[in-house]
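> got a predicted structure plus its sequence, pasted below:
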Amino acid sequence: MEQYQKFPIRPLLWIAFTWVLATALLVATASRADVRIKDIASFEGVRENHLIGYGLVVGLLGTGDQLTNSPFTRESMRGMLERLGVANIDADLLKTKNTAAVMVTAKLPPFARRGAPIDVTVSSLGDASSLRGGTLLVTPLSGADGDVYAVAQGAVAVSGFRAEGNAASITEGVPTIARIDNGAIVEREVGFSLSEMTSIRVALRTPDFTTATRVRDVVNTELSASYASVLDPGTVEIAIENKSNVAEFVSVIENLTVTPDSIARVVVDEKSGTIVIGSNVRIGQVAISQGGLTVKVRERFNVSQPEQISIGGTTVVIPDTELDVDEVDSKFTILEGDVSLQDLVDGLNAIGVGARQTISILQAIKSSGALHADLEII
């Protein structure tokens, strides 16, 4: 018994305290919203390029453009036939309904090489009712600089359909928009070389001074040197030390994790009644009351007819209107100063308001100066 009494208690307490502290740190670390840099930013020069072109879709089953209403389709058909050796075509004699003028769009991926396939979207330009069953003819796709970067051709795939008869019609989806998977082939590459870069710039999708500073600190900690610097709230520049393997260097940078910061903001969509409240939103001490009047109007029309044997009698319509006014008892709830998001939601739920009433309440709180956040209404 004496040996147990002499056993030191202080080391046990210290071990227990250390275990609790370590557990708390692990929980705190796990609860942090760390995200990869590649998920909140993009690298300068590594981006897509938009392409556009004008072409013709043929082989439609009478659902193409009406040439009398779409003169550009008629002229395009004549020009195409002349290039294929069919000359002396009178455009006024073209009466086909199996052709449609379309706009072809695509996105040229970064570092796309010559011969690589890309997807294209085909959209009707005239009054064609459907592109189902059609085939897109050779269509050059140009960039913003006017140069041709890809050529598209192939059978179109339409998700929607349209069926009609003499007295009824039905349309599902949009049959005038189609898609061609791997429908274009890259013919020109965008000049961009990673090995010639002396630095890379990380562009934040949501500019923020705090987030940019955290990205700089994470990069400098990983590289054990001051390679990164903040140029502005949306750009962090990182110097490249070894140009022999820039791709691997960028891979290391984009997979680093950082905790992005954001401003306190409340976004309201009045059309759908959707409300999104950020976690940093704070509200000063306010008292909220929600109430109102509900007015119900009922209209009835009674018909007064004369007797069967009467002279000069007419049928008279007598309106009968009933008005009912219901007053909703208002309730007060008090939100203490500097309340959190959970306190705000609990307070609004306490007075039983819906989404529409919540929008009005948030606007009133903002007007009173108690809402410490940006209120954005879309």
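Alright, I've got the coordinates.
> give me the element residue 121 is part of.
Applying DSSP states H and E as the criterion places residue 121 in strand 117-124.
> send me that strand as PDB with only the CA atoms.
Output of strand 117-124 as PDB, limited to C-alpha atoms (Å, rounded to 0.1, in the frame of the first residue of the first chain):
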ATOM      1  CA  PRO A 117     -10.000  16.300 -80.900                       C
ATOM      2  CA  ILE A 118     -12.300  18.800 -79.100                       C
ATOM      3  CA  ASP A 119     -16.000  19.000 -78.500                       C
ATOM      4  CA  VAL A 120     -18.200  21.500 -80.300                       C
ATOM      5  CA  THR A 121     -21.700  23.000 -79.800                       C
ATOM      6  CA  VAL A 122     -23.900  23.600 -82.800                       C
ATOM      7  CA  SER A 123     -26.700  26.200 -82.600                       C
ATOM      8  CA  SER A 124     -29.300  27.100 -85.200                       C
END
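> show me where the stretch 51-200 of the chain has strands.
Assigned by DSSP state E, counting those that start in this stretch, the strands in the stretch 51-200 of the chain fall at 99-108, 117-124, 135-142, 148-155, 157-158, 161-164, 169-172, 177-186, 199-204.
> save the ones you listed as JSON lines, and put in mean neighbour count, distance to residue 241 and mean pLDDT too.
Just so you know, the C-beta spots here come from the backbone N, C-alpha and C atoms, and that holds for glycine as well. Output for those, formatted as JSON lines (neighbours: other C-beta atoms under 10 Å; distance: least, C-beta to C-beta, whole Å; pLDDT from 0 to 100):
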{"stretch": "strand 99-108", "mean neighbour count": "22", "distance to residue 241": "31", "mean pLDDT": "95"}
{"stretch": "strand 117-124", "mean neighbour count": "20", "distance to residue 241": "35", "mean pLDDT": "96"}
{"stretch": "strand 135-142", "mean neighbour count": "19", "distance to residue 241": "39", "mean pLDDT": "96"}
{"stretch": "strand 148-155", "mean neighbour count": "19", "distance to residue 241": "34", "mean pLDDT": "96"}
{"stretch": "strand 157-158", "mean neighbour count": "16", "distance to residue 241": "48", "mean pLDDT": "92"}
{"stretch": "strand 161-164", "mean neighbour count": "13", "distance to residue 241": "58", "mean pLDDT": "66"}
{"stretch": "strand 169-172", "mean neighbour count": "11", "distance to residue 241": "58", "mean pLDDT": "70"}
{"stretch": "strand 177-186", "mean neighbour count": "19", "distance to residue 241": "33", "mean pLDDT": "95"}
{"stretch": "strand 199-204", "mean neighbour count": "18", "distance to residue 241": "10", "mean pLDDT": "92"}
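> let me have the ones you listed in JSON lines, extended by distance to residue 276.
JSON lines is the format used below for these (distance: least, C-beta to C-beta, whole Å):
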{"stretch": "strand 99-108", "distance to residue 276": "29"}
{"stretch": "strand 117-124", "distance to residue 276": "30"}
{"stretch": "strand 135-142", "distance to residue 276": "38"}
{"stretch": "strand 148-155", "distance to residue 276": "39"}
{"stretch": "strand 157-158", "distance to residue 276": "35"}
{"stretch": "strand 161-164", "distance to residue 276": "36"}
{"stretch": "strand 169-172", "distance to residue 276": "32"}
{"stretch": "strand 177-186", "distance to residue 276": "30"}
{"stretch": "strand 199-204", "distance to residue 276": "20"}
